[in-house]
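Colleague: Using only what follows, build the 3D model:
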Amino acid sequence: MKKNIAIFEGNRANNYDDFAAKWIPNYDYYIDMLPKLLNHTDEKNALIVGCSTGNEMKALAQSSEDWSLTGVDPSPEMIALAKEKLRAFSTIELFTGKLEHFKNTTFFNAATLSLVLHFIKYPKDKLALLQQVEKRLKPGSPFIIMGIFGNGEQLRTNLEVLELLLENTVAQKEIDERFTRIKKELHRTSEEELKKLLVRAGFKPPTRFFQTSIYSAWITHKID
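Modeller: Numbers count the residues shown, from 1 in each chain. Below is the predicted model:
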């Protein structure tokens, strides 16, 4: 962890797609939902925060040639993988670094933030990132957030569900080690806390549209 940001490097970057497919049930379904949720925007100009290897950007670019997409990620290795995956698309820009250091020349009509917030320790830093997204969006623009959420009993029962879904596909030792890390090292937020952070950042109360065990996704809009 560097300055409250997880930098994916080495095997962690190279194996990201395999990890997501294995550990996040219905991950591909979530990715496929994004164009349906965002394609109604008048101008197709989206900011993908924590773009990782470019899966969200690829889904949007394939859904319409009109999309202009900007991906931001702090990991040079993830950006390199995204460039390779997205080389067939000409309306894509990739930036290596923190969002606060990205100098956009236009305002965006949509944004996503997937699998990022649970790596940020302090609520004030989560809020700061959400505010960085908000100030780059046009009023009324949709914003999708996805990640690991929930604490206490909710987390316990959702981990039980995830363990059942991983049965016969992931070794028990690997499951146990991963679950320990989720409980002790990740900085999860409850749904109510997320709502408060989004409202403070200038967004409307979010609507949850997707959940698979410990992973949930919401859509909100920047206040007009």
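Colleague: Counting by contacts, list what the longest helix along the chain packs against.
Modeller: Residue-count comparison of every helix in the chain, with assignments taken from DSSP state H, identifies helix 152-166 as the longest. When contacts are defined as 3 or more CB pairs under 8 Å, 6 or more residues apart in numbering; DSSP states H and E, helix 152-166 packs onto helix 172-184. For every residue, glycine as well, the C-beta is placed using N, CA and C.
Colleague: Just the C-alpha atoms of the next helix or strand after the helix it packs on, please, in PDB.
Modeller: Moving toward the C-terminus from helix 172-184, the first helix or strand encountered (DSSP states H and E) is helix 191-201. As requested, the backbone C-alpha atoms of helix 191-201 are provided in PDB (Å, rounded to 0.1, in the frame of the first residue of the first chain):
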ATOM      1  CA  GLU A 191     -24.100   0.600   2.300                       C
ATOM      2  CA  GLU A 192     -25.300   3.300   4.700                       C
ATOM      3  CA  GLU A 193     -21.800   4.800   5.000                       C
ATOM      4  CA  LEU A 194     -21.400   4.700   1.200                       C
ATOM      5  CA  LYS A 195     -24.600   6.600   0.800                       C
ATOM      6  CA  LYS A 196     -23.500   9.300   3.200                       C
ATOM      7  CA  LEU A 197     -20.100   9.600   1.500                       C
ATOM      8  CA  LEU A 198     -21.700  10.000  -1.900                       C
ATOM      9  CA  VAL A 199     -24.200  12.600  -0.800                       C
ATOM     10  CA  ARG A 200     -21.400  14.600   0.900                       C
ATOM     11  CA  ALA A 201     -19.400  14.400  -2.400                       C
END
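Colleague: what comes into contact with helix 191-201?
Modeller: The list of residues contacting helix 191-201 from outside it, by CB atoms under 8 Å, 6 or more residues apart in numbering, reads 117, 123, 126-127, 130-131, 133-134, 145, 149-150, 189, 204-206, 208, 216, 218, 220.
Colleague: give me that answer again for 10 Å
Modeller: Contacts made with helix 191-201 from outside it, assessed by CB atoms under 10 Å, 6 or more residues apart in numbering, are listed as 117, 123-124, 126-135, 143, 145, 147, 149-151, 154, 188-190, 203-206, 208, 211, 216, 218, 220-223.
Colleague: Need the residue closest to the centroid of this structure.
Modeller: For the chain, the residue whose C-alpha lies nearest the mean C-alpha position (CA atoms, centre = their mean) is S114; its distance is 0.5 Å.
Colleague: any idea how far M146 is from L129?
Modeller: Counting by CB to CB, to the nearest Å, the gap between L129 and M146 amounts to 14 Å.
Colleague: who has more neighbours, these two?
Modeller: Remark: of L129 and M146, M146 carries more neighbours, 27 against 22, as counted by other CB atoms under 10 Å.
Colleague: hang on, that one packs against A217?
Modeller: Yes: shown here, M146 and A217 form a contact pair, counting by CB atoms under 10 Å, at 3.7 Å.
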